[in-house]
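Trainee: sequence first, then the predicted structure:
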Amino acid sequence: MKKGRRPGKPQTREAILAAARRSFAERGYDGTTMRGVAAEAGVDVALGHYYFGSKRELFAAALELPVNPADAIAGLLAQGTDDLAERLLRLLLQVWDDPQTGGPLRAMLRSVDSQQELLRGFVEREIVARLATAIDGPGAELRATAAATQIIGLVLARYVVEVQPIASAGHEEIVALIAPSLQRYFDPA
């Protein structure tokens, strides 16, 4: 017989995650508390700690996307680096414009002051490292990092600061404008 606290109903974990996503999107990282998330989910705060451990771990879990970034980038890279910039930008715009996935991502960026390590680790591990392995030639890691700066700049301008007209431009318009300069980082040196 197992000892310890009963984990609750099967939907409890998902209710906590849904409440966390809403809270991080609305209040940012610093404004979100485990107690507040638990209250919104209608559960005891102990269940939040049981399922996720800490606020940082809850935040990381709340960022789980229907499309895993590692898998998505691996899928893009499996098709080679020809027109990678176009494919990458289309995927990025699709994910960030989706209300379910875009909200938590915006919250992460708004909380960057308190979560630099989390964001840096994500960018280095999920974007730069994967792109660097696909780039042919010298300076692959630096070129992958330069590509990431362009991607992050687009995300900040469009989704966080909402600089016009980039914030309201259509996907194809953005792809046509940015893909050629982004692609140069992926092409052989």
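Mentor: Cool, got the structure. What you see is a predicted model, and the numbers here were worked out from it, not measured in a lab. Residues are numbered from 1 along each chain as shown.

Trainee: the least confident helix or strand in the chain by mean pLDDT - contacts with which helices or strands?
Mentor: Using mean pLDDT, DSSP states H and E, helix 116-122 stands out as the lowest-scoring helix or strand of the chain, at a mean of 70. Counting contacts by 3 or more C-beta pairs under 8 Å, 6 or more residues apart in numbering; DSSP states H and E, helix 116-122 packs against helix 55-62, helix 99-110. For every residue, glycine as well, the C-beta is placed using N, CA and C.

Trainee: excluding its backbone neighbours, what's nearest the most centrally placed residue in the chain?
Mentor: Using C-alpha atoms, centre = their mean, the residue of the chain that lies closest to the mean C-alpha position is Leu105, 5.1 Å off. Leaving aside its chain neighbours, Leu105 sits nearest to Trp96 (6.2 Å; criterion: C-beta to C-beta, 6 or more residues apart in numbering).

Trainee: just the element for the one you found, please.
Mentor: Of the helices and strands defined by DSSP states H and E, Trp96 is found in helix 84-97.

Trainee: burial count for the residue nearest to Leu105?
Mentor: Residues within reach of Trp96, counting by other C-beta atoms under 10 Å, total 16.

Trainee: next up, the contacts around it.
Mentor: Going by C-beta atoms under 8 Å, 6 or more residues apart in numbering, Trp96 touches Gly102, Leu105, Val155, Arg158, Tyr159.

Trainee: how is this protein carved up into domains?
Mentor: Per the record, the chain has its domains at 12-62, 69-186, by automatic domain parsing.

Trainee: return the most buried member of those.
Mentor: Highest mean neighbour count of the domains of the chain: domain 12-62, a mean of 18 (counted as mean count of other C-beta atoms under 10 Å).

Trainee: of the contacts of Trp96, which pair is most distant in space?
Mentor: Using C-beta to C-beta, the two most remote members of the contacts of Trp96 are Leu105 and Arg158, lying 11.5 Å apart.

Trainee: point out where the protein drops to low pLDDT.
Mentor: Applying pLDDT under 70 to the chain flags residues 1-10, 64-68, 108, 111-115, 117-118.

Trainee: returning to what we had before: distance from the helix holding Trp96 to the middle of the chain?
Mentor: 12 Å (C-alpha atoms, centre = their mean, to the nearest Å).

Trainee: cool, stretch 28-41 as well?
Mentor: With C-alpha atoms, centre = their mean, you get 20 Å for stretch 28-41.

Trainee: can you list contacts of that stretch?
Mentor: 12, 15-16, 18-20, 22-24, 27, 44-45, 47-49, 54-55, 58-59, 107-108, 110-111, 114-115.
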